[in-house]
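Trainee: The following comprises the amino acid sequence and a computationally predicted model.
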Amino acid sequence: MRIHVRHFSILREQRGCQQEDVEVETGTTAEMLYLQLFPPGPDGALPVLYAIDANYVDGTTPLADECELVFVPALGGG
């Protein structure tokens with residue numbers, strides 16, 4: 001399956017691109033792809049929200065061919 005992935009903020013900086021197409025196996029979830037693209041470091045994985053085709057979803061949501069997956073990192077503030 002081909003997934004259209006968009007990266008924002010620090011994730012864009014880490015991947016060196018704002019968007020990319022990724023080939024995944026059927027049954028891959030949003031969280032599985034996130035952990036594949038952004039392996040957890042010593043402090044764990046950066047917490048993110050997931051959106052598929054402009055709808056927020058749980059990380060356990062399976063991806064569909066040609067969907068758009070967006071990783072939204074938590075925004076800091078005060």
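Mentor: Ah, there it is.
Trainee: who touches the helix or strand bottoming out on mean pLDDT in the chain?
Mentor: Counting by mean pLDDT, DSSP states H and E, the weakest-scoring helix or strand in the chain turns out to be helix 9-15, with a mean of 93. Under the contact criterion CB atoms under 8 Å, 6 or more residues apart in numbering, helix 9-15 has outside partners 7, 18, 37-38, 46, 48, 71, 73, 75. C-beta coordinates here come from the backbone N, C-alpha and C atoms, glycine included.
Trainee: Neighbouring strands - and their directions - for the helix or strand that it is followed by?
Mentor: Following helix 9-15 in sequence order, the next helix or strand is strand 19-23 (DSSP states H and E). As defined by DSSP bridges, the strand partners of strand 19-23 come to strand 2-7 (antiparallel).
Trainee: can you pull the buried residues of the strand or helix carrying residue 32?
Mentor: Per DSSP H and E, residue 32 falls inside helix 30-37. Residues 30-34, 37 are the ones in helix 30-37 that count as buried (16 or more other CB atoms under 10 Å).
Trainee: Any stretches of this structure with poor pLDDT?
Mentor: Per-residue confidence for the chain (pLDDT under 70) gives these ranges: 76-78.
Trainee: now what about stretch 16-26, what contacts it?
Mentor: Counting contacts by CB under 8 Å, 6+ apart, the residues outside stretch 16-26 that touch it are 1-8, 12, 32-33, 37, 63.
Trainee: CSV for these, including distance to residue 55?
Mentor: Compiled in CSV, these are given as follows (distance: CB to CB, whole Å):
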residue, distance to residue 55
1, 18
2, 19
3, 15
4, 15
5, 16
6, 14
7, 18
8, 16
12, 21
32, 18
33, 16
37, 20
63, 13
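Trainee: Looking at these, which is nearest residue 54?
Mentor: residue 6 (10.6 Å; CB to CB).
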